[in-house]
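K.L.:
Following is a predicted model, sequence given first.
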Amino acid sequence: MVSHPPPWTADELAQAAGAAVVGDPGRTFFDVAEPATAAPEHLTVLLDPRHRDAVAVTQAGVVVAAPGAEAVRPDATWVLHPDPVAVLWVLAEWLGLAPVRQGLHPTAQVDPAAEVHPTAWVGPFCYVGPGVRIHEGAQLMGHCVLYGDAEVGPESVLHAGVVVYPRVRVGRRVIVHAGAVLGGDGFRFIPHPERPVKVPQLGRVVIEDDVEIGANTCVDRAFLGETRIGAGTKIDNLVQVAHNVSIGRACLIAAQAGIAGSSRIGHRVWMGGQAGVPDHVTVGDDVRLAAQTGITGNVPPGKVMAGSPAVERALWLRIHAFLRELPRWLEKFRRWDRMWGE
């Protein structure tokens, strides 16, 4: 639901965000759009200086940017803020994308042994089990399930359909997107002639502050210790984090990446889409794994890896440059064979 319906004015947005207007303060806009597709009734944004050329020719009526960017197009109306993202958060609230509510929806079921702060919100058809603690300002959207003995920190948001198993702690300002599962059993079985024997997963999951977890991502509960996601780490959709994994601070992990059990990921590591980490390895701080990289062992800090099996990216580029030449060399060898072969 849109909390503040359009039209909006540049001045109204600037006042709400603590920004300044250069141009026509009364300039109205009704929606947002990319610079290339924006019309005069749209607002667009310049976050990356590399996109200045696109903004220079945009038809958008209002442009959000950092101070100094207005020289790109002096005839436009600019909303200037040292942190343009702060302006976008105001728009997100107006558009109903960052709702903040309080209380319990009539269809929510909250166990008497649970603790829900009065400023938190438990949405329609949610279930909050015994021993769960929901802190101030936390937001549980529709159909969330918290089994019991779990904690959701202040100002955290669990979107629709999130499932939180027991022995999970979610820190402050964490965002968990729809369909994610926190604390499911780790994949641990003992081989047996008749069938694999399941091993109980008795540990915990700890999600530190300011983490974001994408839709349908799974973070498994540890065997005995803990599975931990470090502060400020951002995880995309459809990522698998196995039992007893430790991920450091400020990491970026793209969609469909997988991290097998008991691996250690350092701080500020970037993993591209579908990158894979096997069990019981260590990936050092500041490592970069390109998309579809499959590492086979420990990776020292600072390395940039690519390929499967993974090698350093510079070598991987040379290998692929040579591979492109293989058909030409193969044809040469065939000609030589015809000329000199018996």
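P.N.:
It's in. Residues are numbered from 1 along each chain as shown.

K.L.:
is it fair to say residue 249 lies in a helix?
P.N.:
No. Secondary structure assignment (DSSP: H, G, I helix; E, B strand; the rest coil) places residue 249 in coil, not in a helix.

K.L.:
That one and residue 229 touch, don't they?
P.N.:
No. Between residue 249 and residue 229 there is no contact under C-beta atoms under 8 Å: 9.5 Å. Where C-beta positions appear, they are placed from N, C-alpha and C, glycine not excepted.

K.L.:
between the two, which one's more packed in?
P.N.:
Between residue 249 and residue 229, counted using other C-beta atoms under 10 Å, the more crowded position is residue 229 (29 against 18).

K.L.:
Can you name the residues bridging to that one?
P.N.:
For residue 229, the beta-bridge partners under DSSP bridges are residue 207, residue 247.

K.L.:
hang on, it packs against residue 247?
P.N.:
Yes. Residue 229 is within contact range of residue 247, at 5.1 Å (criterion: C-beta under 8 Å).

K.L.:
list the contacts for residue 230?
P.N.:
208, 211, 246-251, 267 (C-beta atoms under 8 Å, 6 or more residues apart in numbering).

K.L.:
next one: phi and psi at it?
P.N.:
Main-chain torsions, residue 230, degrees, to the nearest 10: phi -70, psi 160.

K.L.:
Then residue 54?
P.N.:
phi -70, psi -40.

K.L.:
what number of residues lie near it?
P.N.:
16.

K.L.:
which residue packs closest to it, ignoring adjacent ones?
P.N.:
In this structure, residue 54 finds its nearest non-sequential neighbour in residue 35, 4.2 Å apart by C-beta to C-beta, 6 or more residues apart in numbering.

K.L.:
swap in residue 174?
P.N.:
In space, residue 174 is closest to residue 156, 4.2 Å off (C-beta to C-beta, 6+ apart).

K.L.:
confidence score at the one you found?
P.N.:
Note on residue 156: pLDDT of 97.

K.L.:
Same check on residue 49?
P.N.:
pLDDT, residue 49: 86.

K.L.:
just to revisit the earlier point, wait, which of the contacts of residue 230 is closest to residue 123?
P.N.:
When those are ranked by distance to residue 123 (C-beta to C-beta), residue 211 comes first, at 20.9 Å.

K.L.:
Am I right that residue 52 is in contact with residue 63?
P.N.:
No. Contact status for residue 52 versus residue 63: not in contact, 10.8 Å apart, counting by C-beta under 8 Å.

K.L.:
So the two - more neighbours on which side?
P.N.:
Between residue 52 and residue 63, counted using other C-beta under 10 Å, residue 63 has the larger neighbour count: 27 against 15.

K.L.:
Contacts only, for that one.
P.N.:
Counting by C-beta under 8 Å, 6+ apart, residue 63 makes contact with 43-46, 55, 69, 73, 76-79.

K.L.:
Backbone dihedrals for it, please?
P.N.:
In terms of degrees, to the nearest 10, the main-chain angles of residue 63 are phi -130, psi 130.

K.L.:
same thing with residue 321?
P.N.:
Taking degrees, to the nearest 10, you get phi -60, psi -40 for the backbone angles of residue 321.

K.L.:
Check whether residue 304 really touches residue 311, as I assumed.
P.N.:
No. Look at residue 304 against residue 311 with C-beta under 8 Å: they stay out of range, at 10.4 Å.

K.L.:
re earlier: intersection of neighbour lists for residue 229 and residue 247?
P.N.:
Common contacts of residue 229 and residue 247 (C-beta under 8 Å, 6+ apart): residue 241.

K.L.:
list residues touching both of residue 52 and residue 63?
P.N.:
46, 69.

K.L.:
Which neighbouring residues are in contact with the closest residue in space to residue 167 that isn't next to it in sequence, exactly?
P.N.:
Residue nearest to residue 167 in three dimensions, not counting chain neighbours: residue 204, with 4.5 Å by C-beta to C-beta, 6+ apart. Residue 204 makes contact with 167-169, 183, 221-222, 225-227, according to C-beta under 8 Å, 6+ apart.

K.L.:
same deal with residue 22?
P.N.:
Taking C-beta under 8 Å, 6+ apart, we find residue 22 in contact with 70, 77-78, 80.

K.L.:
Quick check: mean pLDDT of stretch 272-281?
P.N.:
Looking at stretch 272-281 alone, the average pLDDT works out to 97.

K.L.:
Now do the end-to-end distance for it.
P.N.:
With C-alpha to C-alpha, to the nearest Å as the measure, the first residue of stretch 272-281 is 18 Å from its last.

K.L.:
residues of that stretch that come out buried?
P.N.:
272-277, 281 (16 or more other C-beta atoms under 10 Å).

K.L.:
Residues contacting it, please?
P.N.:
Around stretch 272-281, the neighbours that count as contacts under C-beta under 8 Å, 6+ apart are 236, 242, 254-265, 271, 283, 289-299, 308.

K.L.:
buried stuff in stretch 288-299?
P.N.:
Buried residues in stretch 288-299, defined by neighbour count with 16+ other C-beta under 10 Å: 288-290, 292-295, 299.

K.L.:
should've said stretch 117-131
P.N.:
119-123, 126-129, 131.

K.L.:
Equivalent analysis for stretch 157-170, please.
P.N.:
Applying 16+ other C-beta under 10 Å to stretch 157-170 flags 157-170 as buried.
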